[in-house]
Every structure is written in structure tokens, then in C-alpha cells.
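Novice: need a structure here:
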Amino acid sequence: MIPCPLPIRDVGRVLPRLRYPVSCPAYHRELPGTTKHRNRTCVLLLTLLLTACGNHAVRAPLPAVYLSDADTTEGDTGTRELLFPVDLDAPSSREIRIHFRTSDGSAKAGSDYRAAAGTLMVPPNSTSATIGVTILGDDEAEEDETFSIILSDPVNARLGSAEAYGTIIDDDDQIPRISIPCTPSATGTDYPVGPGRRYASIAEVPWGRLDPGDTVRIHYSPDPYREKIVIRSSGTEQAPIRICGVPGPNGERPVLDGDGASND
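Specialist: Numbers count the residues shown, from 1 in each chain. The predicted structure follows:
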């Protein structure tokens, strides 16, 4: 008896020693094993194994989809678009479809941004896309506000990260302030840290191998981060190494607690 799926690399090794009957979840039939019919039977069995068993051996793993945070200044009037980067860890020969929707945090749909929901389609052989959300400007001095994008129901892909945060940076203060955007730069690597992110803890970031232009984004976590940061490289004036915190859905800031911290 031969169970399915039968890996392709094993077919050539197994067929010359077949003893009947052959069994498959979707097919069961006894075939003669005489010398006269053996070659013809082996060809038929190979066809049946690959067809009835679904040829599992040649199915490539699904690419992982990663959604990144984004931010923009609010503006006093009108609207502007906030783009959330979507990246695949590998290209696919098939079209990828993913449902998305916005969810309120400290920013509220209708007054701070326009609610959005729909299906993102990534063409075959592409590894990136964006989800756009319309931001509504006003001239009211207020704290920075956040909302989230949530992904679900991927087709031809799997979710590497299912949620990302959008930050609306208020620009109505009377006293000017400096705001450093926490979006990945075009020249460096993005290192998102936190629950459900590519790096679950600060210790997983390759601090000793950071390059100019790299961005480490530490997301809000209900529990403080208790790990040390040791940087052994440096950026440049044009391409600094940036380490920034990303607020939670209600404006909560990530906390790095040195009490009992380690750098395993």
C-alpha cells in the first residue's frame, strides 16, 4: 500500500518495486502485476498517483504578506492620502487577493479619516502594493492620532502580519515641533518590532548589522520591552539609522524598561 501524497523524488525509487494493490485517498483499484503488463501498469499508476493525489510535491509554499505602518501630517484643509506599504516575501505566479478594512483608534472615521474596506489585488510576479486611506485636514490643535488597517482572508498567500497602524501627525500647534517620520526609508531595510510583527522582540533585531538608511520601528506592546539595544554601526547625514516608537491604536506609546533588561 502506498499512501498519498507521494513526493516526486520518491516515485522513480518506488515504482520499480510496486506491489499491488496501490491505495490513494481518492482512488483504490487493484491492477495486475504480471511481467507482460508491468511497464504499462507502472505508467498508468504514475499518472493516477499524480492526478488522484493532487501532485502535492510540486506545490510551492504560499508567499507571506507583510503590512507596514505609515504616517503623514494632517494638513489644515482638504484631504491627503496615506499609503500603507504591502510587501510579499516572494513573488507568486498567481494573482493574490487580500481583504482589508480600517478600524478606529484615537483617530475616528468621518472626522479624521475616511473609512475604507475592500480587496487588495497583487498582480502575478509582483512583490509590493499599497493601500490608500484618505486623511481629512483640520486646523484644530490636538495630539497625534492613530487608526489601523486590518488584513484578512488572503487568497494565494498567507498573512505575515495582519495589522498596521496609521499615524496622523497634528501640524496645528502654535509652537513648531520637529517630527521625524517613522516610515521605512527608500534606501534601507525596515525592522518592525512588536506583537504580530516580523520581529517579536527587540533582541531579534540584528543590531550589529544595521546599515545606513535602516529603520527600526518599535510598536506599542501591552508589556514593556525589557531588552538592551547595542548598536555597533553608524549611519550618515543623508542616510541615518532611525529607531522610533509606533503608538498603539489609542495613542499608547511603547515602553522600554531597563530594569532587569537583557541583551540575549
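
Novice: for the protein, what spans make up the helices?
Specialist: Under the criterion DSSP state H, helices of the chain are mapped to 8-14, 35-52.

Novice: residue ranges with poor pLDDT in the stretch 1-150 of the chain?
Specialist: Residue ranges of the stretch 1-150 of the chain with pLDDT under 70: 1-59.

Novice: What residues does the closest residue to residue 236 other than its chain neighbours make contact with?
Specialist: Spatial nearest neighbour of residue 236, chain neighbours left out: residue 212 (4.8 Å); criterion: C-beta to C-beta, 6 or more residues apart in numbering. Yep, even glycine has a C-beta here, placed from its N, CA and C like the rest. By C-beta atoms under 8 Å, 6 or more residues apart in numbering, the contact set of residue 212 is 187-188, 234-236, 238-241.

Novice: 7 Å instead, please
Specialist: The contact partners of residue 212, taken as C-beta atoms under 7 Å, 6 or more residues apart in numbering, are 188, 235-236, 239, 241.

Novice: Check residue 198 too.
Specialist: Residue 198 sits next to 66, 160-161, 192 when contact means C-beta under 7 Å, 6+ apart.

Novice: With residue 133 instead?
Specialist: Counting by C-beta under 7 Å, 6+ apart, residue 133 touches 82, 102, 113-114, 116, 166.

Novice: give me that answer again for 8 Å
Specialist: Contact analysis of residue 133 by C-beta under 8 Å, 6+ apart lists 81-82, 84, 102, 113-114, 116, 147, 149, 166.

Novice: Pipe the residues you listed into a markdown table and attach distance to residue 71 and neighbour count per row.
Specialist: Listed next are those as a markdown table, based on distance: C-beta to C-beta, whole Å; neighbours: other C-beta atoms under 10 Å:
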| residue | distance to residue 71 | neighbour count |
| --- | --- | --- |
| 81 | 13 | 10 |
| 82 | 7 | 20 |
| 84 | 10 | 23 |
| 102 | 15 | 20 |
| 113 | 12 | 22 |
| 114 | 17 | 13 |
| 116 | 16 | 14 |
| 147 | 11 | 23 |
| 149 | 13 | 25 |
| 166 | 7 | 24 |
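
Novice: Among these, which lie within strands?
Specialist: Among the contacts of residue 133, the members falling in strands (DSSP state E) are 81-82, 84, 102, 147, 149, 166.

Novice: Show me the two of those residues that sit farthest apart.
Specialist: 81 and 147 (14.1 Å; C-beta to C-beta).

Novice: Quickly list what the residue lying closest to residue 182 once chain neighbours are set aside is bridged to.
Specialist: Spatial nearest neighbour of residue 182, chain neighbours left out: residue 244 (4.1 Å); criterion: C-beta to C-beta, 6+ apart. Beta-bridge pairing for residue 244 (DSSP bridges): residue 217.

Novice: Pull the contacting residues for the closest residue to residue 125 other than its chain neighbours.
Specialist: Distance criterion C-beta to C-beta, 6+ apart; nearest residue to residue 125, sequence neighbours excluded, is residue 91 at 4.9 Å. Applying C-beta under 8 Å, 6+ apart, we find residue 91 in contact with 63, 124-127.

Novice: Need those residues in JSON lines (columns: neighbour count and distance to residue 228).
Specialist: Below are those laid out as JSON lines (neighbours: other C-beta atoms under 10 Å; distance: C-beta to C-beta, whole Å):
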{"residue": "63", "neighbour count": "21", "distance to residue 228": "34"}
{"residue": "124", "neighbour count": "11", "distance to residue 228": "44"}
{"residue": "125", "neighbour count": "10", "distance to residue 228": "42"}
{"residue": "126", "neighbour count": "13", "distance to residue 228": "39"}
{"residue": "127", "neighbour count": "13", "distance to residue 228": "34"}
